[in-house]
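Participant: Prediction below, plus the sequence it came from.
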Amino acid sequence: MTMISRRRATALILAMTLSVLAPFTQTFATEAAWARLAQGGYTILLGYARTPGRGEPLRPDLGDCDARKSLSDRGIQEARRIGMRFAARAVSISAVYSGEFCRALQTAELGFGGSRIETRAYLNSIVGGDDPQVIPLELIAAVDEFYGAGNQLMVTHPELIRAISGTLPREGEAVIIAPAITPGDPPRVINRLLLD
């Protein structure tokens, strides 16, 4: 066997091994995230579920959901499934906050019940042309000041989650955050949770 043939065979074996191990690694990471949430005291950032098309005009009329972009049929199913995952794990959610965009509010309502949702303007990361990389001070304060037996969940735009976590979340992925070591600094990422 030539040197090139050996390298190809080794590369093929390595690629096959990694493809087999990847799902186990993701499952372990997700189980660790669920275990953390069972302890309570965390903030869960969740991007809104799937919508038809892309983009939305700046400075929209946030209260008119009939004229606004809301969830696609697939997004509606996704939002409900996410809520069922939290219910099946019996994770305590003591507060649910949503941005004022219809797609975020609809995701929160379908997943976690409409009567307990509170909207927060600081979760509207792109309203008025704000820099999507800037983490609102109100969000930092809400994370810093949260102490509870349960967890608080915030449904927002993926861009805001990227500003905090450094990466754009995948569809159906939540990011678990906690206060920074130094008060007032951006929250720190504790774990990620694959939900869909």
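Facilitator: Thanks, I have the structure now. Numbers count the residues shown, from 1 in each chain.
Participant: got the contact list for Pro187?
Facilitator: Shown in contact with Pro187 (Cβ atoms under 8 Å, 6 or more residues apart in numbering): 43, 135, 139-140, 143-144, 164, 177-180. Just so you know, the C-beta spots here come from the backbone N, C-alpha and C atoms, and that holds for glycine as well.
Participant: Arg170: neighbour count?
Facilitator: Close neighbours of Arg170, defined as other Cβ atoms under 10 Å, add up to 12.
Participant: name the helices or strands packed onto the strand or helix carrying Val175?
Facilitator: Element membership for Val175, per DSSP states H and E: strand 173-178. Packing partners of strand 173-178 (3 or more Cβ pairs under 8 Å, 6 or more residues apart in numbering; DSSP states H and E): helix 3-39, strand 43-47, helix 158-165, strand 188-194.
Participant: Could you tell me which strands the shortest one is paired with, and in which direction each runs?
Facilitator: The strands that strand 43-47 pairs with in its sheet are strand 151-156 (parallel), strand 173-178 (antiparallel) (by DSSP bridges).
Participant: and those strands, which is most packed in?
Facilitator: Most buried of the strands paired with strand 43-47, by mean neighbour count (mean count of other Cβ atoms under 10 Å): strand 151-156, with a mean of 25.
Participant: okay if I get the strands paired with strand 43-47 as CSV plus mean pLDDT and distance to Gly75?
Facilitator: As requested, these are arranged in CSV below (pLDDT from 0 to 100; distance: least, Cβ to Cβ, whole Å):
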stretch, mean pLDDT, distance to Gly75
strand 151-156, 95, 12
strand 173-178, 93, 15
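Participant: closest to Glu31 out of the ones you listed?
Facilitator: With distances scored as Cβ to Cβ, the stretch of the strands paired with strand 43-47 nearest to Glu31 is strand 173-178 (13.1 Å).
Participant: Return the angle between stretch directions for that closest one and helix 158-165.
Facilitator: Counting by axes from the mean of the first three to the mean of the last three Cα atoms, to 10 degrees, strand 173-178 lies at 40 degrees to helix 158-165.
Participant: now strand 173-178 and strand 188-194, what's the angle there?
Facilitator: Going by the same axes, to 10 degrees, strand 173-178 makes 150 degrees with strand 188-194.
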